[in-house]
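**Q** Return atomic coordinates for the entry below.
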Amino acid sequence: MAHGEWTGDPTYLLQVGPGFRLADVDPDSTPGYTGGRAAAQKDLQRGVPELAELQERLFAASTREGIDRVLLVLQAQDTAGKGGILRHVVGAVDPQGVRLAAFKKPTPQESEHDFLWRVSSRTPGPGIIGVFDRSHYEDVLIQRVRGMAPPEEIERRYGAIVEFEKGLAAIGTRIIKVMLRISRDEQRKRLLERLDRPEKHWKFEVGDIDERERWDQYDEAYQIVFDRTSIPQAPWYVVPANKKWYARLAVQRLLIDTLRRIDPQWPPADFDVEEQRARLG
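**A** Residues are numbered from 1 along each chain as shown. From the prediction side, this is the model:
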């Protein structure tokens, strides 16, 4: 059903399916949405009450043995807007029901274990919306592009990821894997903005320019990821992200649609309501 300026279902339009090619995605496009920036900002705010209530119901259900939980995985090239998703979408719900894990370069301790070891301990428990700011996919993206692991090890990891995510789904985890897709030109503009504004210098990393030089290699690595790891239990969604307002609105809709499918219910009272009312006078 259309909502606001939506004319199509982003859950369907953005999902990676058979024959998907990353090269066919227009980063400037807004699939299923006909509004502009102003309309999108209004629709984003309109969606907040429903998202917040669904999240609260999910959390409340877990206090009475509900097992459902959500894992949102955010992957992207630098400057694609992951931070904006966290602030404007995830940040709109009660923080007690959210767990954020930002995965950086593995520590020496983490490097002593299998690549999934550090991720396993950060998956969400019942009632929680977990968010991975980068994830286990770094270990088949960066390490493939940079040649940091042998090819046979990279190949093993695709299968390990699929089994890992199937295991999460089996215990009640709804997995939403999002790749924010920007163009090289848009990334250049955003990197230049960081250089132009002193208050943005802290966000700039020299290595970001090095990674730009491997853009085509990353596209190839992402395509393999989509081909090998987009499964019914953990589908990938590629969100055009040159327009930040569209990316935020689309991810909000993906979260809302996932929570609607769970349809968490307020748990019934485990006490006599009228008795407690009488005690209060």
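
**Q** other SSEs contacting the helix or strand encompassing Arg194?
**A** Here Arg194, judged by DSSP states H and E, is contained in helix 184-196. Secondary-structure packing of helix 184-196 (3 or more Cβ pairs under 8 Å, 6 or more residues apart in numbering; DSSP states H and E): helix 206-212. To be clear about C-beta, it is placed using only N, CA and C from the backbone, and glycine gets the same treatment.

**Q** what packs against the helix it packs on?
**A** Judged by 3+ Cβ pairs under 8 Å, 6+ apart, helix 206-212 is in contact with helix 184-196.

**Q** Report the buried residues of the helix holding Arg194.
**A** Within helix 184-196, the residues scored as buried using 16 or more other Cβ atoms under 10 Å are 186-187, 190-191, 194.

**Q** what do you get for stretch 146-154?
**A** For stretch 146-154, a neighbour-count test (16+ other Cβ under 10 Å) marks 149, 154 as buried.

**Q** Over to stretch 163-183?
**A** For stretch 163-183, the neighbour count (16+ other Cβ under 10 Å) marks 164-165, 168-169, 172-183 as buried.

**Q** What's the end-to-end length of that stretch?
**A** This stretch, stretch 163-183, spans 32 Å end to end (Cα to Cα, to the nearest Å).

**Q** pretty sure Gly8 is touching Pro31, no?
**A** Yes. Between Gly8 and Pro31 a contact is recorded at 6.7 Å, counting by Cβ atoms under 8 Å.

**Q** The stretch 101-250 of the chain: strands as residue ranges?
**A** For the stretch 101-250 of the chain, applying DSSP state E, counting those that start in this stretch gives strands covering 129-133, 173-181, 236-240.

**Q** Check which helices and strands the longest one sits against.
**A** Using 3+ Cβ pairs under 8 Å, 6+ apart as the contact criterion, the secondary-structure elements in contact with strand 173-181 are strand 69-76, helix 82-88, helix 151-170, helix 215-229, strand 236-240, helix 244-262.

**Q** for those, which one sits closest to Pro49?
**A** Minimum separation from Pro49 across the helices and strands packed on strand 173-181 (Cβ to Cβ) falls at helix 244-262, 10.6 Å.

**Q** Turn the buried residues of helix 184-196 into TSV, including pLDDT and distance to Arg157.
**A** Shown next, in TSV, are the buried residues of helix 184-196 (pLDDT from 0 to 100; distance: Cβ to Cβ, whole Å):
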residue	pLDDT	distance to Arg157
Glu186	95	30
Gln187	93	26
Arg190	91	30
Leu191	92	30
Arg194	91	32
